[in-house]
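Peer 1: Sharing a model prediction with you, sequence too.
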Amino acid sequence: LCSDVRQRIQQRIAQTFGISSSSLYLTKPTFFSRINNTEAKTTHDEYWHPHIDKVTYGSFDYTSLLYLSDYAEDFGGGRFVFMDTDSNKTVEPQAGRVSFFTSGSENLHRVEKVRWGTRYAITISFTCNPDHSIEDPVLT
């Protein structure tokens, strides 16, 4: 299932950005996130700070998020915010919704602090550099 989802997202990113799907490689970290209103224990837990994925993770060229819970139903806050100079653009997570974007400085973003409930998502990232590629995760 994970491989199928990754392939479908990879193909849609390639189609949207006009590149070959075979020039995109899964990269790390690809991760599951569970965010609630628990206080951060480390700076890594402080997800709400504005950041650029290419700077934060290095290998990311394209970032995708698969949401597994619904904004306002399963949690409050936790919306994804693109921080544009003219005006911010906000994505409200919805279970099954996929959002994706280029990972460079053109997409400065943050996640609002979750006020209640739990926000679940999977980040699946891609690189154009085969040296940074990883295999699909295997569940054991």
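Peer 2: Received, thanks.
Peer 1: Stretch 63-73: end-to-end distance?
Peer 2: 25 Å (CA to CA, to the nearest Å).
Peer 1: Could you do stretch 73-92 as well?
Peer 2: End-to-end distance of stretch 73-92: 11 Å, with CA to CA as the criterion.
Peer 1: And for stretch 79-95?
Peer 2: End-to-end distance for stretch 79-95, by CA to CA: 13 Å.
Peer 1: for the record, mean pLDDT for it?
Peer 2: Per-residue pLDDT values over stretch 79-95 give a mean of 95.
Peer 1: Just the buried residues of stretch 133-140, please?
Peer 2: Buried residues in stretch 133-140, counted by 16 or more other CB atoms under 10 Å: none are found. Heads up, the C-betas are built off the backbone N, CA and C, glycines and all.
Peer 1: For it, C-alpha coordinates in PDB please.
Peer 2: The C-alpha coordinates for stretch 133-140 follow below in PDB (Å, rounded to 0.1, in the frame of the first residue of the first chain):
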ATOM      1  CA  SER A 133      17.400   8.100  -2.900                       C
ATOM      2  CA  ILE A 134      16.000   5.500  -0.500                       C
ATOM      3  CA  GLU A 135      14.000   2.300  -1.100                       C
ATOM      4  CA  ASP A 136      10.300   2.200  -0.100                       C
ATOM      5  CA  PRO A 137       9.900   1.600   3.600                       C
ATOM      6  CA  VAL A 138       9.100  -2.000   4.500                       C
ATOM      7  CA  LEU A 139       6.800  -2.800   7.400                       C
ATOM      8  CA  THR A 140       7.800  -5.800   9.400                       C
END
